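*Asks:* Quick one: sequence plus predicted model below, questions after.
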Amino acid sequence: MVVNPKILVVDDEPRFCHSMKTLLSSRDYDVKTCFNGSDALQFLTDETFDLVLLDVFMEDMDGFQVIENKISRKIDTPVIIMTGRSSSDTAVKALRMGAIDYLKKPFETREMFSSVKNILNQRALEKKRKAAESQSAERRKLESLGRMAGSIAHHFNNQLSAVMGNLEIALDDVPVDAGYRKNLFQAMMAAHKATSVSRQMLLYLGHTPGRNRPTDLSASCRKTLALFQAAVPKGMILTVDFPDSGPVIHADPIQIQQVLTHLITNAWESISDTRGGIALSIKAVSHEDIPSRRVPIDWQPRHIAHACLEVSDTGCGIPAGDIEKLFDPFFTTKFMGRGLGLSVVMGIVKAHGGCITMDSQPGSGSVFRIYLPVM
């Protein structure tokens with residue numbers, strides 16, 4: 001969605017404000033006006049603007065006081081000072097206080113538009129630079145956390161292997177009728193469960209290499225569906241729209257089946273009263289058709305076709321505040337001990353060079369789409 005630059009015009013002459021709003025709106029700027037410094041500060045505190053066109057001489061609070069208050073409140077909106085009663089001292093003072101440019105009334109429309117365009121372009125470039133720096137810092141942080149988590153999971157696996165090995169030896173040496181044999185067996189089962197969690201963490205981090213080969217996505221997903229179709233509760237409708245064959249991707253079929261299993265389970269659990277529907281579809285799409293809002297956030301599509309696996313449901317939907325956390329390990333809206341399903345999905349998809357998008361509204365269900373490059 002294109003967001004037009006937002007400009008605040010502050011002048012104690014209502015006719016001048018109206019004229020400026022008409023001119024700037026003709027260039028698709030989103031313009032608001034006010035007639036004194038106090039209102040201007042309130043606007044700047046309550047809303048975010050890309051630029052302020054500010055008159056110097058106003059009765060209740062002059063432009064210099066507005067700039068001072070703006071700085072003290074840590075509002076970084078750039079300012080163009082305007083005045084009809086000017087001198088070189090006024091211009092110098094305004095620029096020293098932090099104004100970006102200076103317009104002497106009456107000014108030419110072309111001059112005003114040129115100043116506005118230059119400052120907005122500079123601000124847009126600065127926003128992009130800061131966003132890139134922030135994204136880069138976040139990526140380095142995630143990579144560091146990933147290396148640490150991977151190291152811990154590998155170490156955890158090694159220790160569990162020693163625990164299970166010693167438990168197996170102990171069980172072999174314990175008489176069948178010994179009272180504590182049951183305790184050893186329960187310890188062994190708990191160690192197996194812990195190993196499963198550790199394996200899923202490694203999958204999430206992409207540290208578990210799959211046996212990738214040319215894989216028919218539709219054929220691979222049909223194998224998983226057979227289990228779910230037999231277990232679907234009465235009243236729940238599972239619809240499938242897969243092509244007879246393809247698309248063909250370079251993937252580990254077992255891991256792709258894990259992805260579908262987690263997504264269907266997630267959809268199933270979101271339908272609380274077992275009366276609803278889950279719809280599955282597979283198709284090939286152009287790289288240009290993949291939405292820009294996706295995870296991983298730094299993923300860029302190759303200029304080839306991509307397979308799209310879609311899982312939609314008529315469940316409870318996802319609150320807006322939870323969407324950003326969905327793929328975090330152990331985040332769950334259900335009960336403790338859950339929460340690795342979607343993070344494992346992301347790890348597998350990431351390891352296969354793909355991405356995930358999702359749409360959801362509380363009470364209106366959810367749609368998850370997996371995009372993977374076609375061979």
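*Replies:* Good, I have the coordinates.

*Asks:* Quick check: residue 62 vs residue 122, distance?
*Replies:* 26 Å (CB to CB, to the nearest Å). C-beta: built from backbone N, CA, C; applies to glycine.

*Asks:* Who has more neighbours out of those two?
*Replies:* Under the criterion of other CB atoms under 10 Å, the comparison of residue 62 against residue 122 puts residue 62 first, with 16 against 12.

*Asks:* Tell me the predicted confidence for the more buried one.
*Replies:* We have a pLDDT of 87 for residue 62.

*Asks:* OK, contacts around it?
*Replies:* Residues in contact with residue 62 (CB atoms under 8 Å, 6 or more residues apart in numbering) are 37, 56.

*Asks:* ditto for the one 4 residues further on
*Replies:* For residue 66, the contacting residues are 10, 37, 40, 41, 54, taking CB under 8 Å, 6+ apart as the criterion.

*Asks:* Would you tell me what helix or strand the closest residue to the second one other than its chain neighbours is located in?
*Replies:* Taking CB to CB, 6 or more residues apart in numbering, and ignoring the residues beside it in sequence, residue 37 has residue 61 as its nearest neighbour in space, at 2.9 Å. Taking DSSP states H and E as the criterion, no element holds residue 61; it sits outside all helices and strands.

*Asks:* Then residue 45?
*Replies:* Taking DSSP H and E as the criterion, residue 45 maps to helix 37-46.

*Asks:* Provide the strand pairings for the next helix or strand after that helix, with the direction of each partner.
*Replies:* Once the chain leaves helix 37-46, the next helix or strand it forms, by DSSP H and E, is strand 51-55. Strand pairing for strand 51-55, using DSSP bridges, gives strand 6-10 (parallel), strand 79-83 (parallel).

*Asks:* To residue 292, which of these lies closest?
*Replies:* strand 6-10 (21.8 Å; CB to CB).

*Asks:* just checking, next helix/strand downstream of that closest one?
*Replies:* Downstream of strand 6-10, the first helix or strand assigned by DSSP H and E is helix 14-25.

*Asks:* Flag the shaky bits of the stretch 251-375 of the chain, pLDDT-wise.
*Replies:* 272-274, 328-341 (pLDDT under 70).

*Asks:* now the helices: where do they sit in it?
*Replies:* Ranges of helices in the stretch 251-375 of the chain, per DSSP state H, counting those that start in this stretch, are 253-270, 320-323, 341-351.

*Asks:* Of those, flag the one that's most buried.
*Replies:* By mean neighbour count, with neighbours taken as mean count of other CB atoms under 10 Å, helix 341-351 ranks first of the helices of the stretch 251-375 of the chain at a mean of 23.

*Asks:* Pull the distance from it to the chain's centre.
*Replies:* Centre-to-centre, helix 341-351 and its host chain are 15 Å apart (CA atoms, centre = their mean, to the nearest Å).

*Asks:* Which strands or helices does that helix pack on?
*Replies:* Judged by 3 or more CB pairs under 8 Å, 6 or more residues apart in numbering; DSSP states H and E, the packing partners of helix 341-351 are helix 181-205, helix 253-270, strand 355-360, strand 366-373.
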